[in-house]
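Trainee: Provided below are the primary sequence and the corresponding predicted coordinates.
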Amino acid sequence: QVQLVESGGGLVQAGGSLRLSCAASGRTLSSNVMGWFRQAPGKEREFVAGIRSGGTTYYSDSVKGRFTIFRDNAKNTVSLQMNSLKTEDTAVYYCAYGPPTGYRDWGQGTQVTVSS
């Protein structure tokens, strides 16, 4: 099992920026995928962005062009740079980790609130 610790959430005005970070520890895999999901009140958890250990990235259409995911394989960290934030980006953001076949481990979540 892999433990994930997120940081960087908070309150920001619409149009602003935030960076989320996540550190993985424990039984990490040499080949893996790390990513971010989010869950807004009353809604299901949804995929935001992902990045494989080889560097391939994936984004949901709702954040493409505004969010950037990147990672440091040596440190087992993944970050999400969020620019041009909108009120609809308000949610609890979860870091996720797993083998190339899919996400398996989850962080506790960090709150991101975007005010108008």
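Mentor: Structure's in. What do you need?

Trainee: check which helix or strand covers the residue positioned nearest the centre of the chain.
Mentor: Central residue of the chain (CA atoms, centre = their mean): residue 36, 2.6 Å from the mean position. Assigned by DSSP states H and E, residue 36 belongs to strand 33-39.

Trainee: and that strand, which strands flank it?
Mentor: strand 46-52 (antiparallel), strand 91-98 (antiparallel) (DSSP bridges).

Trainee: Render the CA-only coordinates of that strand in PDB, please.
Mentor: C-alpha atoms of strand 33-39 as PDB (Å, rounded to 0.1, in the frame of the first residue of the first chain):
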ATOM      1  CA  VAL A  33       0.300   6.500 -12.600                       C
ATOM      2  CA  MET A  34      -0.400   9.500 -10.300                       C
ATOM      3  CA  GLY A  35      -3.300  11.800 -10.600                       C
ATOM      4  CA  TRP A  36      -5.900  14.100  -9.100                       C
ATOM      5  CA  PHE A  37      -9.600  13.700  -8.700                       C
ATOM      6  CA  ARG A  38     -12.100  16.100  -7.200                       C
ATOM      7  CA  GLN A  39     -15.500  16.000  -5.500                       C
END
